[in-house]
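Colleague: heads up, no residue letters with this:
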Ligand SMILES: [Zn+2]
């Protein structure tokens, strides 16, 4: 039992650590500060005011790529925390876009009301 669970738990903990590191990056913190000054609408629903910075390709996906050996932690951090991967999103409540999107990518979650940037991703993905 222990030999079966051990590596899984270690992998899970490692993924949490990588995710934590990506979410605590200065670049991400800076973007969150700038979002408050921009006062934008949510890029997913174009209706509510944006209150959170979303990672279009999720931190979870990038963490998986690190665990699979396809990216180093530094490479993943560079890709996840840059303006091309940030979207202004409504968040906080259960029905909000950031909560509903969760670990999906922007191309999986974006809809008809999404910004052109997100629709473009969706088209490229399909
Ligand atoms: Zn929204």
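Modeller: Cool, the structure landed. From a predicted model like this one, the values you see are computed outputs, not experimental measurements.

Colleague: List the buried residues for stretch 87-106?
Modeller: The neighbour-count check on stretch 87-106 (16 or more other C-beta atoms under 10 Å) flags 87, 88, 89, 90, 91, 96, 97, 98, 101, 105, 106 as buried. (Each C-beta comes from the backbone N, C-alpha and C, glycine too.)

Colleague: List the ones among those residues that fall in strands.
Modeller: 87, 88, 89 (DSSP state E).

Colleague: who does the second one bridge with?
Modeller: Same thing as residue 88. residue 53 (DSSP bridges).

Colleague: wouldn't it be in contact with residue 56 here?
Modeller: No - applying C-beta atoms under 8 Å as the test, residue 88 and residue 56 come out as separate, 10.8 Å apart.

Colleague: Averaged pLDDT, stretch 96-112. What do you get?
Modeller: Stretch 96-112 carries an average pLDDT of 94.

Colleague: who touches it?
Modeller: With C-beta atoms under 8 Å, 6 or more residues apart in numbering as the test, stretch 96-112 has contacts from 42, 44-45, 48, 52, 54, 56-58, 60-61, 87, 89-93, 114, 118-119, 121-122, 124-126.

Colleague: Among those, which lie within strands?
Modeller: Counting by DSSP E, the contacts of stretch 96-112 place 52, 54, 87, 89 in strands.
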